[in-house]
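K.L.:
Quick one: sequence and predicted model below, then my questions.
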Amino acid sequence: MRRKRGFSMERRKAVWGWIFVLPSLFFFAAFSFYPILNAFYESFFNRNLLSLRPPRFVGWDNYTYLFRSREFWLSVQNTAIFTFGTFLPLVVFSLLLAVCIMSVSRLRRFFQLALYAPAVLSSVVAALIWLLIFDPRGLANQGLNLLLGTTGVNYKWLSDTNMLRLSTIIVYFWKYIGYFTVLFVAGIGAIPYTLTEAALIDGANRWQLFWRITFPLLKPTTLLVSVMTMIQCLKTFSTQYLFTTSGAPTRPINVITLNIYNTAIKDYRIGRATAMSILLFLVMLIFTWLQLRFSKTEEVTYM
Amino acid sequence: MDMKRTRSWYLGKASNAVMWLILITACFLVLIPLAFMFTASAMPAREIMRLPYPWIPKGIYWPNFLKGMAGPEDDFIFFRNALNSLIVAGSVAFFTVLLSAITGYGLAKFKFKGRNLVFMLIMATMMIPFEAIMIPLYMVAMRMGLQDTYAGLILPFLANAFGVFLMRQYLITFPDEILDAARIDGAGELRIFGSIVLPSSGPAVATLAILAFRSQWDSLLWPLLVVQSDEMKTIPLYITRYMAETHSDEGIMMAVAVLASLPMIVLFLSLSKYFVSKEGLTSATKG
C-alpha cells in the first residue's frame, strides 16, 4: 500500500513537471527553433517579398552570390573593424578603471554608478545624443580643437569614412565602459585578500602585484568579458541604423545586421537576407560556445 | 561584489593620487554627454548651437518639451507611443518572469523522463541570437497576422532561456521539506508554486523583471520590423520618426531623449543594486 502510494506520487510529480515546462517549450518551439530551422530552409530559396511567383529552390546560389558580392564583404569588414576597434579598448580601459576603483579607499560605489550611468540609456537615445555632439558645430569638434590647439577645424565625425567608423565605436565604448568595469570590479573582489597580502609581505611592488597576482587570477573574467564584448559588437545595429537614417553615409558603417535588415526590408530579398543571417548565426555560435565555456571556468577556486 | 575595505585593498593602503586622477577624469568624460543631454533639453536650439557650447541654461525652455510631446504632427502621439512601450515592456517583464519561474521550478524540483533533454534544448536557444532569426521570425509573425499588434511585439520574447536558467539555479536549493509539507497539507501544485515558491524568489524575480523590461524599452530592431502604423510605435520608433522628420531642432530632440530616459533613470536610481550586480550584469548579454 505504502509502496503503491509512493509510486503514484512520483508519477504525479512527473506529470506536473511536464505541465510546468510545456508552456515554455511551446514558446521556444514557435519563436526560436522554428525560425532558425526555417532560416536554413529559406536560405536555399529565392523568395522575394513583392514577387507573386512562388519562391524557387536555388540551392547554394544565395551563398555563392554573397561570397562574390563586394557589398557583403564590405559589411563583414565593417563588422570586423567595429568589433575589434571596440572590444580591445573596452577590455583594456575597463580593467584599468576596475583596478583604480579597487585601489582607492572611498567613493567606490559612486565611481561604479557614475561610469555605469550611460548603460541605463537606451541605444536610440545614446545615438541621438552623440549625433548632436558629432555635429560640425558640436562638442566633439570643440573638444578636439581645444585639445589639439586648433581653431574651427571640422574633423568630419559623421562624413569621413574612418571618422564615421570611429564615431560609432566611441558611442559603443561610452555606453558599455561602466558595465564591463563593474564586471571586472566583481572579478577583482573575488580574489582572496590573503593572496594579495602574502605577495605584499614578500615585498612585491604594485606593478609586480598586478602582473603576477591580479592579472593571472583575472584571466577567466578577462576571457569572459572579451567574448561577451565581441558577441555584443557583432550584433550592433541601433547606432549604425540611426546614424545612416539621419544622413551619414551608409557604406563605411554598413554592418552585417544593417545589411540583413536592408536586404530584407528595402530590397525584399528574403532568401539572400536569411543566408546572411545563417552566416552570422554560425559565427556567433562559435563565440557563444566560447562564452559558455568561459563562464563555466570562471568559477575557479583560488586554493 | 565585496565592498569591505580590508579585503579588496589589493594595491596597498595609500590611496594613490594617479588612481584618483584617472577615475575622476574618466567619470567626468563619461558624464559629459549626459550633462549635454540634460542642459541642451532646457535650451532653445539657437543657444545650443552657439560656439562654444554655453553649458548653463537660463532657466528651462519649456517649448522643447511641449513640442517634443506634441510630435511632428502636433497630435501628442508621444503619449500613445509611451503607453505602447509601457504595455510591451511591462507585459514582457511580467510574463517572462511567470513563464521562467514556472519552467525553472519544474526543471529544478520535479523528476520526469526527458528533463535533461528539455533543459538542454532550452539552453541551446541561448546560442541563437535574435539578429540571426529576425527575418524568419518576421515571416512567422506576418503569417500569424501579428504585424502591427501588441501580441506581435510581446509574444516572441516571452520564452527566455536565461530566465529559465536563472530561476532553475535559484530554486534548486529550495528546501524540499517545505514543498512536501505543503503537499501533505493538501495544497495543489499550482497553489504551492503561486503562494510558496514564487513569493520566496524575490531577488531572482526582480533581476529578471528589470532585465526584461530594459531590453524591451530599448528594443529598436523588432518594432522596426513588425510595427507599421504611427499609433503602434514604441518610444524608440517615435524618436527615429522624429529624427527623420524634424532633424533640425536640437533642443526638441534632447527634450525627447530626456523624456524617453526618465523611466529608466527612475528605475536605476531606486533599484541600482539590481543593475550593478553580478547576476544583472552577466544576464544582460541576452538583452
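P.N.:
Right, received. Where do you want to start?

K.L.:
So for residue B:5, what pLDDT did the model give?
P.N.:
According to the per-residue confidence, residue B:5 scores 42 in pLDDT.

K.L.:
And the residue sitting nearest the centre point of chain A, how far from chain B?
P.N.:
If you average the C-alpha coordinates of chain A and look for the closest C-alpha using C-alpha atoms, centre = their mean, you land on residue A:232, 0.6 Å from that point. Plainly put, residue A:232 is 7 Å away from chain B if you go by C-beta to the nearest C-beta, to the nearest Å. No exception for glycine: its C-beta is placed from N, CA and C like everyone else's.

K.L.:
Show me what secondary structure element comes after the helix or strand encompassing residue B:124.
P.N.:
Assigned by DSSP states H and E, residue B:124 falls within helix B:115-124. Following the chain from helix B:115-124 toward its C-terminal end, the next helix or strand by DSSP H and E is helix B:130-143.

K.L.:
Could you check the very next helix or strand once past that next one against chain A for contacts?
P.N.:
The helix or strand immediately downstream of helix B:130-143 is helix B:150-154, counting by DSSP H and E. No: using C-beta under 8 Å from any C-beta of the partner chain as the criterion, no contacts between helix B:150-154 and chain A are found, and the smallest distance is 10.8 Å.

K.L.:
Buried ones in helix B:150-154, by neighbour count?
P.N.:
Taking 16 or more other C-beta atoms under 10 Å in any protein chain shown as the neighbour-count basis, helix B:150-154 is seen to contain the buried residues B:152, B:153, B:154.

K.L.:
and the helix or strand following that helix, C-alpha only, in CSV?
P.N.:
Next helix or strand after helix B:150-154 toward the C-terminus (DSSP H and E): helix B:161-171. These are the backbone C-alpha positions of helix B:161-171, laid out as CSV (Å, rounded to 0.1, in the frame of the first residue of the first chain):
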residue,chain,number,x,y,z
ALA,B,161,16.4,30.8,-21.8
PHE,B,162,18.5,32.9,-19.5
GLY,B,163,15.4,33.5,-17.3
VAL,B,164,14.7,29.7,-17.1
PHE,B,165,18.4,29.1,-16.2
LEU,B,166,18.4,31.8,-13.5
MET,B,167,15.1,30.6,-11.9
ARG,B,168,16.3,27.0,-12.0
GLN,B,169,19.6,27.8,-10.4
TYR,B,170,17.8,29.8,-7.8
LEU,B,171,15.1,27.2,-7.0
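
K.L.:
For helix B:161-171, list every residue counted as buried.
P.N.:
Within helix B:161-171, the residues that count as buried by 16+ other C-beta under 10 Å are B:161, B:162, B:163, B:164, B:165, B:166, B:167, B:168, B:170, B:171.

K.L.:
What lies in contact with it?
P.N.:
Contacts of helix B:161-171 with the rest of the structure, by C-beta atoms under 8 Å, 6 or more residues apart in numbering or on different chains, involve A:24, A:28, B:96-97, B:99-101, B:103-105, B:107-109, B:119, B:122-123, B:125-126, B:197, B:201, B:203-204, B:207-208, B:211-212, B:279, B:283, B:286.

K.L.:
Please tell me how far that helix is from the chain's geometric centre.
P.N.:
Helix B:161-171 has its C-alpha centroid displaced from the chain centroid by 18 Å (C-alpha atoms, centre = their mean, to the nearest Å).

K.L.:
just checking, next helix/strand downstream of it?
P.N.:
Past helix B:161-171, further along toward the C-terminus, the next helix or strand under DSSP H and E is helix B:176-184.

K.L.:
Can you select the buried ones from the contacts of helix B:161-171 in PyMOL?
P.N.:
Once 16+ other C-beta under 10 Å is used to decide burial, the buried members of the contacts of helix B:161-171 can be selected in PyMOL as follows:
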select buried, (chain A and resi 24+28) or (chain B and resi 96+97+99+100+101+103+104+105+107+108+109+119+122+125+126+197+201+204+207+208+211+212+279+283+286)
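
K.L.:
quick one: which of the contacts of helix B:161-171 sit in strands?
P.N.:
Within those, no residue falls in strands by DSSP state E.

K.L.:
all helices for the stretch 201-303 of chain A, in order.
P.N.:
Along the stretch 201-303 of chain A, counting by DSSP state H, counting those that start in this stretch, helices occupy A:206-208, A:215-234, A:238-245, A:256-265, A:270-297.

K.L.:
Can I get these in JSON lines including mean pLDDT?
P.N.:
As requested, these are arranged in JSON lines below (pLDDT from 0 to 100):
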{"stretch": "helix A:206-208", "mean pLDDT": "77"}
{"stretch": "helix A:215-234", "mean pLDDT": "84"}
{"stretch": "helix A:238-245", "mean pLDDT": "91"}
{"stretch": "helix A:256-265", "mean pLDDT": "92"}
{"stretch": "helix A:270-297", "mean pLDDT": "83"}
